[in-house]
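*Asks:* Predicted structure and sequence below. I'll ask about it afterward.
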Amino acid sequence: MKSKKLEEAGSTGKAACLARNSSTKNIILEMSSDEVVYEQSTPILTSEGLYSAMKVVNVTKDTEVTCEAHFDNNTVKALPEKEAEEPVTRTSNRVCNSTDTSAQGTKVERVNMLSMAVLGLRVLLAKSIAFNTLMSIQLFLF
């Protein structure tokens, strides 16, 4: 991904390379520019159990940006911007895949519901312990 529009020929912008949903933690991203703005020290583990990595570099107006991801003795080169905006099928080997947000919404909803259920059970346990403690104190003192 590249910054939207750079006004002057000498102005600089940012370009980012993103590798998502990799099954291995050993991801190395290489970009054509050497002016690194941000690079993750280690890939991030997602909720699906896959890894994602990102690298951001400075670029000038007419610079061609290339991005390569190296993992498990494989190299995947990102497509030019024009092709990357097209819909991507799940059987493709492209680095940038489209995400199905409807499937993620149900998964997040389920995680939130389970989290709320656990919180409710913890509150119920704390109340019962407090009530039992007060009743025991009342029994021994009076």
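*Replies:* On my side now, so go ahead.

*Asks:* per-residue confidence at the spatially closest residue to I27 that is not a sequence neighbour?
*Replies:* Excluding the flanking residues, the one nearest I27 by C-beta to C-beta, 6 or more residues apart in numbering is A53, at 4.4 Å. To be clear about C-beta, it is placed using only N, CA and C from the backbone, and glycine gets the same treatment. Per-residue confidence at A53 stands at 86 (pLDDT).

*Asks:* Beta-bridge partners for A53, please?
*Replies:* Applying DSSP bridges to A53 gives these bridge partners: A19.

*Asks:* wait, isn't it in contact with A19?
*Replies:* Yes - using C-beta atoms under 8 Å, A53 is in contact with A19, at 4.8 Å.

*Asks:* Could you tell me which residues touch both of those two?
*Replies:* 27, 29, 43, 69 (C-beta atoms under 8 Å, 6 or more residues apart in numbering).

*Asks:* So what's the residue count around the second one?
*Replies:* Spelled out, that is L29. Number of residues near L29 (other C-beta atoms under 10 Å) recorded here: 22.

*Asks:* Look at it and give its secondary structure.
*Replies:* At L29 the chain is in strand, as set by DSSP: H, G, I helix; E, B strand; the rest coil.

*Asks:* Would you confirm that it contacts T66?
*Replies:* No - using C-beta under 8 Å as the test, L29 is too far from T66 to be in contact (11.0 Å).

*Asks:* Which of the shared contacts of A53 and A19 sits closest to V57?
*Replies:* L29 (9.9 Å; C-beta to C-beta).

*Asks:* Excluding sequence neighbours, find me the nearest residue to that closest one.
*Replies:* Counting by C-beta to C-beta, 6+ apart, K55 is the residue found nearest to L29 once chain neighbours are left out, at 4.3 Å.
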